[in-house]
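> With the input below, show me the fold.
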Amino acid sequence: MSRADLLVVGRIATLAGEDGPGYVEAVAIGAGHVIAAGSLADVDALAGPSTRRIDLAPDEVAIPGLTDSHLHLAETALGESKVDLSAAATLADGLDLIAAAEGSLPPDAWLEGHGWESDRWGGWPTAADLERVAPGRPAAIWAHDHHALWTSEAGQAAAGIDTATADPPGGIIRRDESGRPTGVLHEAASRLVTSRIPAITADDLEKAIRRLARRLLALGVVAVHDPGQLSLQGGLGPAYEAYRQLADAGRLLIRVHAAIRPEQLDAAIGAGLRSGDPIGDPSGRARVGWLKLFADGTLGSRTAALLEPIEPEPGRPLPAGTERGVFMTEPAALAEFAERAAAAGIASQIHAIGDHAVRVALDALGQTVGRSRLMPRLEHVQLVHPDDVARFGREGIAASVQPVHLRSDAVAARRLWGDRAERFGYTWATLARCAALLAFGTDAPVEPIDPWPGLAMAVTRSDPSWPAGTAPFGPAEALTLDQALRAATIGPALTAAESDRGRLTLGQRADLVVIPVAALREPVEPGGALATARPRLVLVDGAVAFEA
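So this is what the prediction gives:
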């Protein structure tokens, strides 16, 4: 019998079986895998003279490493060097931050950023606002949800946007009463400007990804599914090259499945890429992910595609014809993309937030199930008609959801979707009862990279940032703590055909996170020990990747 390289001894949640923590006293690790899990006496028999031993403290517990199933890794890494408006409570606050950033830029550089929110600011910002603090500067600043872009006069001029410019398919140019563009571009219209921003390099990305990977490991995240970049470039793009370089050099600190976008599909098929294939060194940690498609927009941008019209907002009229949201990709084209990718062995993941988008996306993916190694998936799944819920489990389509979105979405969902919001919105427990495979993520940079508040919100359906006395949002849709843990560990791994990850049982990869035992104490409290958990130790393939 093989000798262990490492023993981890203490309270260990293996997540063996179909439910429950599956606690054992010890695990033995050899060659990066779990070679035994059980009683200390049984596991200790595998120790040899060179075996290391890690003893957990009485107030600690080990769990499998977390996977973020929806984190724009390259985009988030780059965004850390751009202006962040997520803490700007008002437009004036945001303009102050922009003015400070503008002063540090070279004369010909673009001003880029993210984090503003029209609901938080009480209205849509304009190009004229930017002109006051950054005159003549080309600017492109994403909204909180990354589905609306605030741009300057110079940014619009670089893209050739003026009164005569028509809305592109799947996009909206916000205009004033005279028809003049105001400076906000929704959905596909944003690409008119982002396509003009100077290209980044793979070397720049490589450095940024390594920095962010270290932060993710410190949070217990050992793997990421990257849905791709928002600013697209030719071919497979610099993110793929950065992942290849890191994998080839053995310097990719976390596991990554990297998606492609429709603009990159030809290049991927031409290169013979298939979902699950290695990117670069076959022994490296980068792999080809999904084709990322967009069915609709978002709640906050009022562009989620709905079966019934959005609730009216006095004083905030919608552009004509968008009362039921926007299809960023028409249903027929969505199905064509998914079919073409499936024929080449590439699975698809579809952004679908509104109930009409969810139905159309399920239709598109239904024809592709079982035709590639990875599971087809819907991303976000925030509003689902009851007729469609059971289709996830029945058809084998995963639900990739981000519970932390509920923190910022609850007020807007109740206002914009009315009584539909809590009856049909964020229906995680119903999806689980209907045998849907749930996979959790954060959607960073839309939300912070910290996975723990989302885990807590999945269980509590509440958040301490809400005003005192605010009722939980749809409490009947709360998951159990066990369901939430599995959606952050096993679920993402299964969507990526990684049957050897997500548990701490025999044969599994030894990705292990040590956290305070209080984090797994029930009942879970909003903002409590689970929401604020911080690992002391993280192992990836049985090697120490982070130690506090």
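> low pLDDT regions in this protein?
Along the chain, the parts satisfying pLDDT under 70 run over 1, 230-234.
> so residue 448 touches residue 408, yeah?
No: Residue 448 is beyond contact range of residue 408, at 11.0 Å (criterion: CB atoms under 8 Å). Every C-beta, even on glycine, is put in place using the N, C-alpha and C of the backbone.
> quick one: which of the two has more around it?
Each of residue 448 and residue 408 has its neighbours counted (other CB atoms under 10 Å); residue 408 has more, 21 against 15.
> Once you drop chain neighbours, what's closest to that one?
Among residues not flanking residue 408 along the chain, residue 144 sits closest, at 7.2 Å (CB to CB, 6 or more residues apart in numbering).
> residues contacting the one you found?
Residue 144 is in contact with 86, 114, 115, 116, 117, 120, 300, 408, 446, counting by CB atoms under 8 Å, 6 or more residues apart in numbering.
> what do you get for residue 154?
Shown in contact with residue 154 (CB under 8 Å, 6+ apart): 136, 137, 138, 139.
> and the second one, how many residues sit next to it?
Okay, so that is residue 137. A count of neighbours around residue 137, defined by other CB under 10 Å, yields 21.
> Is the residue nearest to it when sequence neighbours are not counted bridged to anything, and to what?
Nearest residue to residue 137, sequence neighbours excluded (CB to CB, 6+ apart): residue 111, at 5.2 Å. Under DSSP bridges, the beta-bridge partners of residue 111 are residue 139.
> Surely residue 111 and residue 100 touch.
No: look at residue 111 against residue 100 with CB under 8 Å: they stay out of range, at 11.0 Å.
> who has more neighbours, those two?
residue 111 (23 against 11).
> Contacts only, for that one.
The neighbourhood of residue 111, defined by CB under 8 Å, 6+ apart, consists of 83, 98, 101, 102, 105, 134, 137, 138, 139, 140, 141, 152.
> Looking at these, spot the one nearest residue 342.
Using CB to CB, residue 140 comes nearest to residue 342 of the contacts of residue 111, at 33.7 Å.
> separation between that closest one and residue 183?
11 Å (CB to CB, to the nearest Å).
> Quickly list what's touching both of those two.
The contact lists of residue 140 and residue 183 share 150, 151, where a contact means CB under 8 Å, 6+ apart.
> what does the helix ranked longest in the chain contact?
Counting residues, the longest helix found in the chain (DSSP state H) is helix 202-218. Helix 202-218 is touched from outside by 68, 73-74, 76-78, 80-81, 224, 238-239, 241-243, 245-246, 251-254, 449, 534-535, 538, 540, 545-546, 548, with contacts defined as CB under 8 Å, 6+ apart.
> Could you pull out the buried residues of it?
The neighbour-count check on helix 202-218 (16 or more other CB atoms under 10 Å) flags 202, 205, 206, 208, 209, 210, 212, 213, 216, 217 as buried.
> again with stretch 113-127
Buried residues in stretch 113-127, counted by 16+ other CB under 10 Å: 113, 114, 115, 116, 117, 118, 120, 121, 124, 125, 126, 127.
> Could you verify my assumption that the fourth one touches residue 150?
What that stands for is residue 116. Yes: in this structure residue 116 lies within contact range of residue 150 using CB under 8 Å: 6.3 Å.
> Give me the buried entries from the contacts of helix 202-218.
Those of the contacts of helix 202-218 that meet the buried threshold are 68, 73-74, 76-78, 224, 238-239, 241-243, 245-246, 252-254, 449, 535, 538, 540, 545-546, by 16+ other CB under 10 Å.
> Tell me how far the residue nearest to residue 413 when sequence neighbours are not counted lies from residue 361.
Distance criterion CB to CB, 6+ apart; nearest residue to residue 413, sequence neighbours excluded, is residue 421 at 4.1 Å. In this view, residue 421 and residue 361 are 20 Å apart by CB to CB.
> neighbour count winner among those two?
Between residue 421 and residue 361, counting by other CB under 10 Å, residue 361 is the more crowded of the two (33 against 23).
> The host helix or strand of that one packs against which elements?
Using DSSP states H and E, residue 361 sits in helix 355-366. Judged by 3 or more CB pairs under 8 Å, 6 or more residues apart in numbering; DSSP states H and E, helix 355-366 is in contact with helix 331-343, strand 348-352, strand 377-380, helix 386-389, helix 391-395.
> quick one on the thing from earlier: buried by neighbour count, from the contacts of residue 111: which ones?
Here, 16+ other CB under 10 Å leaves 83, 98, 101, 102, 134, 137, 138, 139, 140, 141, 152 buried among the contacts of residue 111.
> if I look at the third one, how far off is residue 151?
Remark: distance between residue 101 and residue 151 (CB to CB) = 15 Å.
> ok, now the first one?
Here the criterion is CB to CB. By it, residue 83 lies 14 Å from residue 151.
> Between those two, which contacts overlap?
Common neighbours of residue 83 and residue 151 (criterion: CB under 8 Å, 6+ apart): residue 141.
> farthest-separated two in the buried residues of stretch 113-127?
120 and 127 (19.4 Å).
> show me where the stretch 1-150 of the chain has strands.
Here the stretch 1-150 of the chain has its strands, by DSSP state E, counting those that start in this stretch, at 6-13, 23-30, 33-38, 52-55, 60-64, 66-68, 83-84, 111-116, 139-143, 148-151.
> Nearest to residue 372, out of those?
Per CB to CB, nearest to residue 372 of those: strand 66-68, 18.9 Å.
> just to revisit the earlier point, can you pull the residues that touch both of residue 116 and residue 150?
By CB under 8 Å, 6+ apart, the residues touching both residue 116 and residue 150 are 125, 141, 143.
> correct me, but the last one touches residue 118?
In other words, residue 143. Yes: at 7.1 Å, residue 143 and residue 118 qualify as touching, with contact defined as CB under 8 Å.
> what touches both of these two?
What both residue 143 and residue 118 touch, as defined by CB under 8 Å, 6+ apart, is the set 300, 301.
> Looking at the buried ones among the contacts of helix 202-218, which are in helices?
Judged by DSSP H, these include 73, 74, 76, 77, 78, 238, 239, 241, 242, 243, 245, 246 as members of helices.
> How far off centre is the host helix or strand of residue 191?
In this assignment (DSSP H and E), residue 191 forms part of helix 191-194. Here helix 191-194 is found 22 Å from its chain centre; the criterion is CA atoms, centre = their mean, to the nearest Å.
> Show me what that helix is packed against.
Packing contacts for helix 191-194, counted by 3+ CB pairs under 8 Å, 6+ apart, involve strand 148-151, helix 153-159.
> Ok, which of those comes nearest residue 369?
For residue 369, the closest of the helices and strands packed on helix 191-194 is strand 148-151, at 33.1 Å, according to CB to CB.
> Can I get that closest one in PDB? Just the C-alpha atoms.
Taking C-alpha atoms only, strand 148-151 is exported to PDB below (Å, rounded to 0.1, in the frame of the first residue of the first chain):
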ATOM      1  CA  ALA A 148     -24.200  49.200 -19.600                       C
ATOM      2  CA  LEU A 149     -21.200  51.300 -20.600                       C
ATOM      3  CA  TRP A 150     -20.700  55.000 -19.600                       C
ATOM      4  CA  THR A 151     -18.600  56.700 -22.200                       C
END
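> how much distance is there from that strand to the middle of the chain?
How far strand 148-151 lies from its chain's middle: 21 Å, per CA atoms, centre = their mean.
> Start at 154, not 1
Renumbered: residue one is now 154, and that last one reads strand 301-304.
> hang on, the earlier thing: would you convert the contacts of residue 307 into CSV that also reports distance to residue 671?
CSV is the format used below for the contacts of residue 307 (distance: CB to CB, whole Å):
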residue, distance to residue 671
289, 54
290, 48
291, 49
292, 45
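> Go through those residues and name the one nearest residue 648.
residue 292 (36.9 Å).
> what's the distance between that closest one and residue 550?
39 Å.
> try residue 522
Residue 522 sits 7 Å away from residue 550, going by CB to CB.
> who's more crowded, those two?
Each of residue 522 and residue 550 has its neighbours counted (other CB under 10 Å); residue 550 has more, 26 against 14.
> Taking their axis directions, the helix or strand residue 642 falls within and strand 501-505 sit at what angle?
Assigned by DSSP H and E, residue 642 falls within helix 634-648. Using axes from the mean of the first three to the mean of the last three CA atoms, to 10 degrees, the direction of helix 634-648 lies 130 degrees away from that of strand 501-505.
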